[in-house]
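>>> what's the 3D shape of this:
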Amino acid sequence: MSFFWGRLRGLIPSVDTGSNSPSVNAERRETRLAISAREYPRTLTWAGVVLLVMTVVTFFGEMTEQDLSRSYLTHVNDLAMVVILFVSATVLRTDLIPRHHRAFVVALCALLLIWSLLWQVTVQGTALNYTYAMLVLIGYGATSLSARPYLCAATLSVIGAAIVAIFGPVGQAVDWILVAVTAAGIGAILLRIRLQSIIALADATELAKRLATQDQLTGVLNRHGLMEHAPGLWATAERFGEGVFAAFIDIRGLKQANDQFGHDYGDRIIRSAAKTATQSVRSSDLVARWGGDEFVVVGIGTMSDAFSVESRLDMSDEWTIGPVSDGVWSFRIGFASGHPQQFTVNELIRKADEDMYLRRNAEQHDKS
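Presented below is the predicted three-dimensional model:
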């Protein structure tokens, strides 16, 4: 049985792990849980409806008293399963069960249905319900959306099918066991296909989010990305009674680089500036490309924390990568700080931008 488990496990990819990026794995997991939260109640409801219809049809199709007497227990069993499926579907539509545990509820329902059908084989003495049980196992594989619950249910289903095939009235035990193993394998293949489609969907969603919030040239946040992350930083600062600051960085020499050496070289300068800014801040600070040659740093702290960004920028070697302005390109920087309840992120950045222009004008005035 361990060999059977290993073969099945090898067919099924992992949605929650496999990528080197935690954000990608989280997106895959969230996508799977969101899809399963919608599909599980529908699946159990439709399974209950189909079982109820089949029970009613077979009941009225058995006209003789002998047939009714022999199948009475099976009809009661089917109706009990219908109730279980409907109740489970109703519960899964609520928040009573955590989303990451719901797959095991569906697995239990599938297993109970499969075992009930296998039990009916021993009562009725025919292999028809054995076939139905294997169809349920295949269908469950396509709808389980989770590897571990499916593997548990499939293994227990094959064990039950093997017991019925060996000790039950169907005969040809080896052939029926092979049918059960094949059904479990087909279910695993269908589950693999579903999970691969979820992985593709989640990766595409993650890429779209990243493209929407990340500057493609530098890899730092863009304006939209900064506006998306800033509320969390503001909330953290307010919760701990801290201030917030903004540093507005303007690159000097970029236009000369573009004019003299081409835009490819200018792009190198922008990437180097982004690298320098990222290396010069704390891991909790946010770095974003604000414009063509402008970057913004936003973080928790006071004006002294903002000034420390400038001192670390000054010490970086990245500002001397090429022959612009006699071998040096540099930056201007402005600062602003305040309480998170006092300023929005846009207001704080605007004040830092104004401070940068004041510093630039003061520098030009000193030179003149």
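
>>> which SSE is immediately downstream of the helix or strand hosting Thr43?
Using DSSP states H and E, Thr43 sits within helix 22-61. As assigned by DSSP H and E, the chain's next helix or strand after helix 22-61 is helix 65-92.

>>> and the angle from that next one to helix 22-61?
150 degrees (axes from the mean of the first three to the mean of the last three C-alpha atoms, to 10 degrees).

>>> and helix 65-92, how far out from the chain's middle?
For helix 65-92, the separation from the chain centroid amounts to 38 Å (computed by C-alpha atoms, centre = their mean, to the nearest Å).

>>> next: stretch 297-309.
The answer for stretch 297-309 is 33 Å, by C-alpha atoms, centre = their mean.

>>> quick one: list the elements packing against the helix holding Thr43.
Applying 3 or more C-beta pairs under 8 Å, 6 or more residues apart in numbering; DSSP states H and E, one finds that helix 22-61 contacts helix 65-92, helix 102-124, helix 128-143, helix 173-213. C-beta here means a position set from N, CA and C on the backbone, and glycine is covered the same way.

>>> what residues of the third one count as buried?
The neighbour-count criterion (16 or more other C-beta atoms under 10 Å) identifies 129-130, 132-134, 136-143 as the buried residues of helix 128-143.

>>> for that helix, give me every contacting residue.
39-40, 43, 47, 106-107, 110, 113-114, 117-118, 120-121, 150, 153-154, 157, 161, 164-165, 170, 176, 179-180, 183-184, 186-191, 194 (C-beta atoms under 8 Å, 6 or more residues apart in numbering).

>>> in ChimeraX, how would I select the buried members of the residues you listed?
What follows is the ChimeraX syntax selecting those of the contacts of helix 128-143 that are buried according to 16+ other C-beta under 10 Å:
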select :39,40,43,47,106,107,110,113,114,117,118,120,121,150,153,154,157,161,164,165,170,176,179,180,183,184,186,187,188,189,190,191,194
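
>>> burial count for Val53?
Around Val53 there are 11 other residues, counting by other C-beta atoms under 10 Å.

>>> do you know how far it is from Phe60?
11 Å (C-beta to C-beta, to the nearest Å).

>>> then stretch 242-252 to PDB, C-alphas only?
Extracted in PDB, the C-alpha atoms of stretch 242-252 (Å, rounded to 0.1, in the frame of the first residue of the first chain):
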ATOM      1  CA  GLU A 242       5.800  56.400  16.200                       C
ATOM      2  CA  GLY A 243       6.300  59.100  13.600                       C
ATOM      3  CA  VAL A 244       6.700  58.700   9.900                       C
ATOM      4  CA  PHE A 245       9.200  60.300   7.500                       C
ATOM      5  CA  ALA A 246       9.700  60.700   3.800                       C
ATOM      6  CA  ALA A 247      12.900  61.300   1.800                       C
ATOM      7  CA  PHE A 248      12.500  62.600  -1.800                       C
ATOM      8  CA  ILE A 249      15.600  61.800  -3.900                       C
ATOM      9  CA  ASP A 250      16.300  63.500  -7.300                       C
ATOM     10  CA  ILE A 251      19.100  62.100  -9.400                       C
ATOM     11  CA  ARG A 252      21.600  64.600 -10.800                       C
END
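
>>> average model confidence for it?
For stretch 242-252, mean pLDDT rounds to 90.

>>> could I get the buried residue list for it?
For stretch 242-252, burial by neighbour count (16+ other C-beta under 10 Å) applies to Glu242, Gly243, Val244, Phe245, Ala246, Ala247, Phe248, Ile249, Asp250, Ile251, Arg252.

>>> then stretch 217-228?
For stretch 217-228, by 16+ other C-beta under 10 Å, it's Thr218, Val220, Leu221, Asn222, Arg223, Gly225, Leu226.

>>> now do that stretch: distance from first to last residue.
Stretch 217-228 has an end-to-end distance of 19 Å (criterion: C-alpha to C-alpha, to the nearest Å).

>>> swap in stretch 250-259?
Start-to-end span of stretch 250-259 (C-alpha to C-alpha) is 18 Å.

>>> among the helices and strands packed on helix 22-61, which is nearest Val24?
In terms of C-beta to C-beta, the element of those nearest to Val24 is helix 173-213, at 5.3 Å.

>>> and that closest one, what does it pack onto?
Applying 3+ C-beta pairs under 8 Å, 6+ apart, we find helix 173-213 packed against helix 2-11, helix 22-61, helix 128-143, helix 147-167, helix 223-239.

>>> distance from the third one to the middle of the chain?
The gap between where helix 128-143 is centred and where its chain is centred comes out at 29 Å by C-alpha atoms, centre = their mean.
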